[in-house]
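Enquirer: Kindly return the folded structure for what I paste below:
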Amino acid sequence: MTDTQGNSNRLQQHAVAGSRPIGSGIVALAIVLVLIAAVMGSWYTIDQGDRGVLLTNGALSSAVDPGLHFKLPWLQRVEKISLRQQVIKWGCENQSDCGNLPAMQAYSRDQQPANMRVTVNFHVPAAEVSNVYINYGSIEALADRVIARKAPQEIKTVFGQYDAVSVIQNRAKFNKDVADAISAVTDGPVMIDSVQVENIDFSDAYEQAVEARMTAQVEVQKQEQNLQQEKIKADIAVTQAKGRADSVKAEAEASAYKTKIEGEATAEAIKARAAALANNPLLVELTKAEKWDGQLPKSMIPGSTVPFLELGTPAPAAN
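Expert: Predicted coordinates for the structure are as follows:
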């Protein structure tokens, strides 16, 4: 019994002696791991376009700019806030792109229902990073409370100030009015960059009515154009006829004037000839003599006389 107990004691002593190095190795490994974790957790980086919020035991210590920084392991942590442009959408063709936001539905001033696709672009100013974290915790919560809950009502209010026709004809003005309205009610640490009303979809019945009205307007415009063309053709015909009439009138006046001048010339000639005959009675006989060829007629009417020239009495000879 004594030998057996001695052997048992010696085995226990050897087991205790062997467990001491194993335990020491585990403790050393744990210390090394703790040191590695402390070293790895003592530095961090902030990307360009982001800002960091340094928290010490949950309390805000400071806002951190981009770059490499150090912190106390386990006591401090960093939350990142993006300064990049963010987007909120309503009325997406694929509803999953809009998250939990409902479709944007509104009524125009003339009570026409419409579904709209609206996009709001915004960003957080660098100076407002601490305010965002303290009051909202994240950009998502900020967007939900400051923009997503207020913007739909403003869009519907502005849309209700337009009738269905004018909102289509004045898209740029409507878009600007919507952007101004959303910017006016956005009172949080956020900057509205732009607002786009990308699509306005009215009911099928209204769109068919608009299409029919536009078709009728096109037909009326076509008829007006045809009427205008006919009027132009008529004006051209009248102008051409007036031109021809003026031409005929001018020719008649020219002919009449020519006849008048010729008549006046003939009358003047006759008048001059008559005056000459009156002053010279023998001029007729002279003309006959000038025109006589000296031949007597070869045939004569019975009982007629032989033509002759009447010669005057010769003038007495001078002494």
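Enquirer: where along the chain do the strands fall?
Expert: Counting by DSSP state E, residue ranges of the strands within the chain are 43-46, 50-56, 59-64, 67-70, 76-82, 86-90, 104-107, 113-123, 191-202.
Enquirer: could these be laid out in JSON lines, adding mean neighbour count and distance to G137?
Expert: C-beta here means a position set from N, CA and C on the backbone, and glycine is covered the same way. As requested, the strands of the chain are arranged in JSON lines below (neighbours: other Cβ atoms under 10 Å; distance: least, Cβ to Cβ, whole Å):
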{"stretch": "strand 43-46", "mean neighbour count": "15", "distance to G137": "18"}
{"stretch": "strand 50-56", "mean neighbour count": "19", "distance to G137": "10"}
{"stretch": "strand 59-64", "mean neighbour count": "14", "distance to G137": "12"}
{"stretch": "strand 67-70", "mean neighbour count": "11", "distance to G137": "21"}
{"stretch": "strand 76-82", "mean neighbour count": "17", "distance to G137": "9"}
{"stretch": "strand 86-90", "mean neighbour count": "17", "distance to G137": "15"}
{"stretch": "strand 104-107", "mean neighbour count": "18", "distance to G137": "27"}
{"stretch": "strand 113-123", "mean neighbour count": "19", "distance to G137": "17"}
{"stretch": "strand 191-202", "mean neighbour count": "16", "distance to G137": "19"}
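Enquirer: Can I get those in CSV including mean pLDDT?
Expert: Converted to CSV, those look like this (pLDDT from 0 to 100):
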stretch, mean pLDDT
strand 43-46, 90
strand 50-56, 94
strand 59-64, 92
strand 67-70, 90
strand 76-82, 92
strand 86-90, 92
strand 104-107, 90
strand 113-123, 93
strand 191-202, 92
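Enquirer: which secondary element of the chain has the worst mean pLDDT?
Expert: Comparing every helix and strand of the chain by mean pLDDT, DSSP states H and E singles out helix 2-40 as the least confident one, with a mean of 62.
Enquirer: about what we covered before: for S130, find the nearest of the strands of the chain.
Expert: Ranking the strands of the chain by proximity to S130 (Cβ to Cβ) places strand 59-64 first, at 5.1 Å.
Enquirer: name the helices or strands packed onto that closest one?
Expert: When contacts are defined as 3 or more Cβ pairs under 8 Å, 6 or more residues apart in numbering; DSSP states H and E, strand 59-64 sits against strand 50-56, helix 129-135.
Enquirer: mind listing what it pairs with, with the direction of each?
Expert: strand 50-56 (antiparallel) (DSSP bridges).
Enquirer: how many degrees apart are the strand it pairs with and strand 76-82 in direction?
Expert: For strand 50-56 against strand 76-82, the angle by axes from the mean of the first three to the mean of the last three Cα atoms, to 10 degrees is 160 degrees.
Enquirer: possible to save the helices and strands packed on strand 59-64 as JSON lines with distance to I236?
Expert: Formatted as JSON lines, those follow (distance: least, Cβ to Cβ, whole Å):
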{"stretch": "strand 50-56", "distance to I236": "75"}
{"stretch": "helix 129-135", "distance to I236": "75"}
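Enquirer: Go through the strands of the chain and name the closest to A265.
Expert: Closest among the strands of the chain, using Cβ to Cβ: strand 191-202, at 88.0 Å.
Enquirer: R51 bridge partners, please.
Expert: I81.
Enquirer: Oops, could you answer that again for M191 instead?
Expert: Beta-bridge partners, per DSSP bridges, of M191: H123.
Enquirer: Could you tell me which ranges of the stretch 201-319 of the chain sit under the pLDDT cut-off?
Expert: Applying pLDDT under 70 to the stretch 201-319 of the chain flags residues 276-319.
Enquirer: Between the strands of the chain, which one is closest to R149.
Expert: Among these, strand 86-90 sits nearest to R149 (Cβ to Cβ), with 10.8 Å.
Enquirer: Tell me which other helices or strands that closest one touches.
Expert: strand 113-123, helix 151-159.
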